[in-house]
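Peer 1: pasting the structure only:
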């Protein structure tokens, strides 16, 4: 099982739009083969910081997601609002 986190920083006035964009795309990602979890968290101390936490059954499933239209559309919407490049961490975890 792959655990992937993506930390992104937005201006506070763009945070609400970035969360809404994520929520619009999340159902289609959650329905993808191999997606075990796909959630967004916000930092209560920093209104512009969000973290996307994902669990994929394999790296090939995550790679398929990264090649998908859903990923491309989300990236096209989020990247212009980011104030810094996103930080992605990928690690291996046991099933839960």
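Peer 2: Yep, it's here. For clarity, every value in this text was computed on a predicted model and none was experimentally measured. Numbering: from 1, shown residues only.

Peer 1: who does the lengthiest strand in the chain touch, helix- and strand-wise?
Peer 2: In the chain, taking DSSP state E as the definition, the longest strand is strand 46-56. Under the contact definition 3 or more Cβ pairs under 8 Å, 6 or more residues apart in numbering; DSSP states H and E, strand 46-56 sits against strand 2-9, helix 12-30, strand 35-43, helix 59-66. All C-beta spots, glycine's among them, are computed from the backbone N, C-alpha and C.

Peer 1: quick check: closest non-adjacent residue to the most centrally placed residue in the chain.
Peer 2: Geometric centre of the chain, nearest residue: residue 52, 3.8 Å, by Cα atoms, centre = their mean. Once flanking residues are discounted, residue 52 sits nearest to residue 6: 4.4 Å by Cβ to Cβ, 6 or more residues apart in numbering.

Peer 1: does that neighbour really touch residue 41, like I thought?
Peer 2: No. Applying Cβ atoms under 8 Å, one finds residue 6 not in contact with residue 41, separated by 10.7 Å.

Peer 1: that older thread, relative to strand 2-9, how tilted is the longest strand of the chain?
Peer 2: Put simply, strand 46-56 runs at 160 degrees to strand 2-9, going by axes from the mean of the first three to the mean of the last three Cα atoms, to 10 degrees.

Peer 1: if we can go back for a sec, mind listing the shared neighbours of residue 6 and residue 41?
Peer 2: Common contacts of residue 6 and residue 41, defined by Cβ atoms under 8 Å, 6 or more residues apart in numbering, comprise 51-52.
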